[in-house]
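Q: build the 3D model from these lines:
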Amino acid sequence: MKSKTFREIEHTADVGMEVSGKTLEELFANAANGFYSITGVPPGEASSAERYDLSLSELSKEELLVSFLNELNYLLMVQQIVITGFSSFKIYLDSPQWTLLCTGAVSRLSPQVYDQLQEIKSVTYHKIKIVHQKNGYTTQIFFDI
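A: Numbering: from 1, shown residues only. Reported below is the predicted structural model:
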């Protein structure tokens, strides 16, 4: 008799969201707000006067969005830092790369808030495509939890 060494189990390891914005910058900022909402960061958590500058470059808008959200995830989960209230946000094509430059308010999470967060392992590339329509931009983003 042959023994079974594995079996498939149902597992829901992803959470997704749809995001929109009139501009690419608004789309990315709204994606950041959605990311923080999914993780459970309380609204208004970053109220510090301290600022954080972020600069990223990738070959596509989609890769840039994934990198941006993965950077926010790293800062949140490893350094326990939240960046919101973006005071400047610029995305531009500097062929062949897309570049993001942003500045936001930053604060460190209290241990009580941090302990209650939903951990996100990674932002995925699954079905990601930024669509430009006459009224702005939309995309879907999936998070591996």
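
Q: centre of the chain to the lengthiest strand in the chain, how far?
A: For the chain, the strand that runs over the most residues, judged by DSSP state E, is strand 81-94. Mean C-alpha position of strand 81-94 versus that of the full chain (CA atoms, centre = their mean, to the nearest Å) differs by 12 Å.

Q: got a list of what the residue lying closest to residue 77 once chain neighbours are set aside touches?
A: Closest residue to residue 77 apart from its sequence neighbours, by CB to CB, 6 or more residues apart in numbering: residue 119 at 6.5 Å. C-beta here means a position set from N, CA and C on the backbone, and glycine is covered the same way. Residue 119 sits next to 39, 77, 145 when contact means CB atoms under 8 Å, 6 or more residues apart in numbering.

Q: distance check, residue 80 against residue 106.
A: 11 Å (CB to CB, to the nearest Å).

Q: pick out whichever of these two has more residues nearby.
A: residue 106 (20 against 15; other CB atoms under 10 Å).

Q: I'd guessed that one sits against residue 86; true?
A: No: look at residue 106 against residue 86 with CB atoms under 8 Å: they stay out of range, at 10.8 Å.

Q: all helices of the protein, in order?
A: Per DSSP state H, the chain carries helices over the ranges 24-39, 61-77, 111-115.

Q: related to what we said a few turns ago, helices or strands up against the longest strand of the chain?
A: helix 24-39, strand 51-58, helix 61-77, strand 97-108 (3 or more CB pairs under 8 Å, 6 or more residues apart in numbering; DSSP states H and E).

Q: can you put these in CSV and add mean pLDDT?
A: Below are the helices and strands packed on strand 81-94 laid out as CSV (pLDDT from 0 to 100):
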stretch, mean pLDDT
helix 24-39, 92
strand 51-58, 95
helix 61-77, 96
strand 97-108, 93
